[in-house]
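Undergrad: turn this into a model:
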Amino acid sequence: MQMIIASRLVDGRVVFMDAEAGWPASIDDGVVLDTEEETERLLVVAEKAVQNCEIVDPYPIEVVVENGERRPAEVREAIRAFGPSVRTDQLVESE
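TA: As a prediction, the model looks like this:
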């Protein structure tokens, strides 16, 4: 399974293509694609969003759906989807 991920041009936020060719910021709102044909078709639609200066760098990512929850299969994409990998609760405050 795949999803199409990109960066929103106006603010650089990571976004996911939804079923209506919109670009929500939550992976839960993006459309999961089951076939390579669907992915290729929506990449063409994504390129139109690039031309309209809505997004940059759209590309497909592999996703895993477990118990209704979506998560990227690769670490890099998980960081992009869910935020930094640094745990701020472990920082030591300087005096």
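Undergrad: the nearest residue in space to residue 78 that is not next to it in sequence bridge partners, please.
TA: Spatially, and ignoring its direct neighbours in sequence, residue 78 is nearest to residue 72 (4.6 Å; C-beta to C-beta, 6 or more residues apart in numbering). Where C-beta positions appear, they are placed from N, C-alpha and C, glycine not excepted. Beta-bridge pairing of residue 72 under DSSP bridges involves residue 63.
Undergrad: what about residue 72, how many residues nearby?
TA: 19 (other C-beta atoms under 10 Å).
Undergrad: mind listing what it touches?
TA: 27, 61-64, 78, 80-81 (C-beta atoms under 8 Å, 6 or more residues apart in numbering).
Undergrad: next: residue 16.
TA: Contacts of residue 16 by C-beta under 8 Å, 6+ apart are 3-6, 23-27, 29-31, 81.
Undergrad: how close does the closest residue to it other than its chain neighbours sit to residue 2?
TA: Closest residue to residue 16 apart from its sequence neighbours, by C-beta to C-beta, 6+ apart: residue 30 at 2.9 Å. Going from residue 30 to residue 2 by C-beta to C-beta, to the nearest Å gives 10 Å.
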